[in-house]
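**Student:** sharing a model prediction with you, sequence too.
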Amino acid sequence: MLLPHQALQDAAVVPSQRGHARDEAGPWHAEAVCRRDEAGLFFAPSKEPTAARLAREEAAKRVCARCPVMVECREHALLQPEPYGVWGGLTAAERRVVLTRRRRRESELQRAAAMPAAG
Ligand code: SF4
């Protein structure tokens with residue numbers, strides 16, 4: 001089972017993404033609290049019941065809450081984007097919500113910028 005910091009080094013990740021992730025991530029993953037976590041909290045095992053998933057994700061978020069690189073990890077997961085697992089204290093579903101809101105906001109800003117000035 002991969003932990004978030006291991007996913008950055010995993011051979012299954014597309015090589016161009018790996019390089020991109022390392023370039024953008026810099027050394028933040030060296031300080032990841034989950035490097036020492038062996039409980040398998042960050043990625044779902046197959047056929048995980050909903051109650052177990054929710055409990056595991058909450059436990060992972062508690063680990064993230066005391067991680068010194070949570071902001072960097074979260075941005076990495078949003079920029080890639082990472083499709084699975086808890087990264088930066090957010091589940092995959094929560095990251096999708098954040099990304100949707102960001103895209104909507106960017107779209108609104110672009111529309112506003114394209115509007116002719118009143119007056
Ligand atoms: S924020 Fe969470 S997932 Fe990210 S490096 Fe820290 S412990 Fe790992």
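**Tutor:** Thanks, I have the structure now. Numbers count the residues shown, from 1 in each chain.
**Student:** so which bits of this structure are right by the ligand?
**Tutor:** Contacts of the chain with the ligand, taken as Cβ under 6 Å from any ligand atom, map to 4-5, 32-34, 42, 63-64, 67, 69-70, 73, 86-89. Where you see a C-beta, it was placed from the backbone N, CA and C, and this is true even at glycine.
**Student:** now, those residues that are in strands?
**Tutor:** With DSSP state E as the criterion, strands contain none of the residues of the chain next to the ligand.
**Student:** which of those residues has the weakest pLDDT?
**Tutor:** The member of the residues of the chain next to the ligand with the lowest pLDDT is residue 5, at 50.
**Student:** would you list every one of the helices in the protein?
**Tutor:** 4-7, 15-25, 50-65, 70-79, 92-114 (DSSP state H).
**Student:** from the contact counts, what lies against the last one?
**Tutor:** Pointing back at helix 92-114 there. helix 70-79 (3 or more Cβ pairs under 8 Å, 6 or more residues apart in numbering; DSSP states H and E).
**Student:** which positions within the helix it packs on qualify as buried?
**Tutor:** For helix 70-79, a neighbour-count test (16 or more other Cβ atoms under 10 Å) marks 70, 72, 73, 74, 76, 77, 78 as buried.
**Student:** packing partners of it?
**Tutor:** With contacts taken as 3+ Cβ pairs under 8 Å, 6+ apart, helix 70-79 sits against helix 15-25, helix 92-114.
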